[in-house]
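A.B. asks: Compute the structure for the input listed below.
(one chain, ligands or ions: 1)
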Amino acid sequence: MSQIITNKAQLVKALNPYRKKGLSIGFVPTMGALHEGHASLMSQAKRETDLTVLSIFVNPRQFNDLLDFEKYPRTLSEDIARAEGERVDIVYLPQYEELFGEDSPASRVNLNGLDEPMEGAFRPGHFRGVIEVVHSLFNHVKPQIAYFGQKDFQQLAVIRAMVSALDLPVFIVSCPTHRETDGLAMSSRNLRLTKRQRQAASGIYKALSIIRDAWQKEPTQDLIHRATEMVRQSHLILEYLVVVNPNTLAPIEPTDDTAVVCIAAYCGEVRLIDNMLLSAD
Ligand code: PAF
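C.D. replies: Numbers count the residues shown, from 1 in each chain. This next block holds a predicted model:
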């Protein structure tokens, strides 16, 4: 059985004996509504570390839209069952007051502009909220390794920048995106799609695949044009579809040998994001 912990003092008490023995802690921070993608993070943490901690906290500070926060799926009892299925040692359900009580260095850390394009441009303040909560959770759990999904590509870049700027003793692991059979990236938000919207949502994967399959065989602008047309035909509303340098998130230069295509689009009122790494092979 996973141990369910709801405050920092209890968590510190539970983790101390493991720390004293020099055992490693693997951490999977989430906002719940767990799916196969999260399960793969938990199982990787389980394989690679001695003790796995999963946190579930729907962080209001990273939602720039109150309605989006209110409608974010909350499935706590199913989440706990899934964590137990993955043999997670501790499920941590932190309290808002304990996470955000103090002035956080994360609110001032220089993220080298990685938080500005794409999600940053469309969701003002989102990444500051992510950084603050992740920094605080790291401070509570003090993991050696933390696991994040590659679906949130920009989030990973921003968290890595925060860890490096604050010199935090935690290794960040990026885990591959899990997809449904039609290619739709697994996301907690998929739970909010109607049957018809769920079918339309696979247009996101189709659009990304157009770019991946012909990358460096056709001009990038032509590919973006074709992919944008796919999004439109799928009745999705595009926010952005850009090909950027995976390290700087700046528009690609002719000299770049790797790239990532990132997309955000609305399916009804549900906002979905995805990305694919591009290589010439
Ligand atoms: O990716 C998420 O689920 C959230 O952004 C995270 C990292 C748990 C912070 O709230």
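A.B. asks: Please make it C-alpha for all contacts and neighbour counts, starting now.
C.D. replies: Will do.
A.B. asks: element containing the residue of the stretch 101-250 of the chain found nearest the ligand?
C.D. replies: Taking C-alpha to the nearest ligand atom, the ligand has its nearest neighbour within the stretch 101-250 of the chain at residue 130, 5.0 Å off. Using DSSP states H and E, residue 130 falls within helix 126-141.
A.B. asks: which other helices and strands contact that helix?
C.D. replies: For helix 126-141, the packing partners by 3 or more C-alpha pairs under 8 Å, 6 or more residues apart in numbering; DSSP states H and E come out as helix 8-20, strand 25-30, helix 96-100, helix 119-122, helix 153-165.
A.B. asks: Quick one: closest of the ones you listed to residue 68.
C.D. replies: Nearest to residue 68, of all the helices and strands packed on helix 126-141, is helix 119-122, at 13.7 Å by C-alpha to C-alpha.
A.B. asks: Tell me which other helices or strands that closest one touches.
C.D. replies: Counting by 3+ C-alpha pairs under 8 Å, 6+ apart, helix 119-122 packs on helix 126-141.
A.B. asks: quick check: angle from the helix it packs on to helix 153-165?
C.D. replies: Inter-element angle recorded for helix 126-141 and helix 153-165: 50 degrees (by axes from the mean of the first three to the mean of the last three C-alpha atoms, to 10 degrees).
A.B. asks: Can you list the strands that the helix or strand just after helix 126-141 pairs with?
C.D. replies: Following helix 126-141 in sequence order, the next helix or strand is strand 145-149 (DSSP H and E). Its sheet considered, strand 145-149 pairs with strand 25-30 (parallel), strand 171-175 (parallel) by DSSP bridges.
A.B. asks: Work out the gap between strand 145-149 and the centre of the chain.
C.D. replies: 9 Å (C-alpha atoms, centre = their mean, to the nearest Å).
A.B. asks: What of stretch 125-135?
C.D. replies: Worked out by C-alpha atoms, centre = their mean, stretch 125-135 lies 12 Å from the chain centre.
A.B. asks: Out of the strands paired with strand 145-149, the one nearest residue 202 is which?
C.D. replies: With C-alpha to C-alpha as the measure, strand 171-175 is the member of the strands paired with strand 145-149 nearest residue 202 (21.1 Å).
A.B. asks: Only the buried residues of that closest one, if you could.
C.D. replies: The neighbour-count check on strand 171-175 (16 or more other C-alpha atoms under 10 Å) flags 172, 173, 174, 175 as buried.
A.B. asks: likewise stretch 222-230?
C.D. replies: Those would be 223, 224, 227, 228, 230, for stretch 222-230 by 16+ other C-alpha under 10 Å.
A.B. asks: Who are the contact partners of residue 131?
C.D. replies: Residue 131 makes contact with 106, 107, 158, 159, 162, according to C-alpha atoms under 8 Å, 6 or more residues apart in numbering.
A.B. asks: between the residues you listed, which has the most around it?
C.D. replies: Neighbour counts for the contacts of residue 131 (other C-alpha atoms under 10 Å) peak at residue 162, which has 24 neighbours.
A.B. asks: Next, count neighbours for the residue of the chain found nearest the ligand.
C.D. replies: Going by C-alpha to the nearest ligand atom, the ligand is nearest to residue 30 of the chain, at 3.6 Å. Residues lying near residue 30 (other C-alpha under 10 Å) number 18.
A.B. asks: Enumerate every residue touching residue 162.
C.D. replies: Neighbour list for residue 162: 106, 109, 110, 111, 131 [criterion: C-alpha under 8 Å, 6+ apart].
A.B. asks: how far away is residue 69 from residue 217?
C.D. replies: From residue 69 over to residue 217 the distance is 41 Å, taken as C-alpha to C-alpha, to the nearest Å.
A.B. asks: correct me, but residue 226 touches residue 210?
C.D. replies: Yes. Assessed by C-alpha atoms under 8 Å, residue 226 is found in contact with residue 210 at 7.4 Å.
A.B. asks: to the chain's geometric centre, what's the distance from stretch 32-51?
C.D. replies: Computed by C-alpha atoms, centre = their mean, the chain-centroid distance of stretch 32-51 equals 13 Å.
A.B. asks: tell me which residues in it are buried?
C.D. replies: In stretch 32-51, counting by 16+ other C-alpha under 10 Å, buried: 32-35, 37-46, 49, 51.
A.B. asks: next one: stretch 242-261
C.D. replies: Using 16+ other C-alpha under 10 Å as the test for burial, stretch 242-261 gives 242, 243, 244, 245, 246, 249, 250, 252, 259, 260, 261.
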